[in-house]
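Q: I would like the atomic coordinates for the input below:
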Amino acid sequence: MEVQIGRREVEQGAFIQAVHDSRSIAQVCSNIGFNPTVSTTRAAVKEKIRALGLDVSHFRKEYTYDKEKLSERRTKAFTLSENNQKYYDAFHTSISGQSWSTYKATIGNFLDGYKQDFALVKPDDILTFTKNDPNKNARLRSMLIYMVSNDINNARKKMYKETLIWLISNTAKKSN
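A: Prediction:
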């Protein structure tokens, strides 16, 4: 009997033996003659292991079939002040799901280390954190612009003029 993996077939006994003899999904792929660097191949092998109910407790890495548990493992928890949590949550709702992960990493890491109200941030604080990385800089500026534009948690009244001028001047440079 053969098992279908992607567009190819593998003898089921050889597949089961490869899973038994391997310590990772990549090693299973190699043992059955598949390229272990192709993500779709690895995904197909994982799915076939799950479908057959094979034991993978001997694999080096923790392996889970539960996408929610996998997602939880990859989620970093940030410790934010009450005000910063309000800004973070409001901005999160304005960003599409696929883009949020890149914003989340930059914004979460910045706010986790910045123990003041984010509305009181100064340009030098952001520039020091981003170390001239234009993408990180843009993500933090985007959040500040969103906070001011929508007056989240009275951000307009709190923000320093220096920061507002910095935001406006950087936005004007982008549109020219």
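Q: quick one: low-confidence ranges for this structure?
A: Within the chain, the segments meeting pLDDT under 70 span 61-76, 171-176.
Q: Domain parsing of it, as residue ranges.
A: Domain assignment for the chain, taken from automatic domain parsing, gives 2-72, 82-175.
Q: From Phe91, how far out is the residue nearest the centre of the chain?
A: Residue closest to the mean C-alpha point of the chain, counted by C-alpha atoms, centre = their mean, is Ser101 at 3.8 Å. When distances are taken as C-beta to C-beta, to the nearest Å, Ser101 and Phe91 turn out to be 14 Å apart. To be clear about C-beta, it is placed using only N, CA and C from the backbone, and glycine gets the same treatment.
Q: cool, and Lys104?
A: 10 Å.
Q: higher neighbour count, the two?
A: Phe91 (23 against 18; other C-beta atoms under 10 Å).
Q: you'd agree the more buried one is in a helix?
A: Yes: counting by DSSP: H, G, I helix; E, B strand; the rest coil, Phe91 is located in a helix.
Q: Make 605 the starting number, not 1.
A: Got it, first residue is 605 now, which makes that one Phe695.
Q: Tyr750 is in contact with that one, correct?
A: Yes: look at Phe695 against Tyr750 with C-beta atoms under 8 Å: they come within range, at 5.2 Å.
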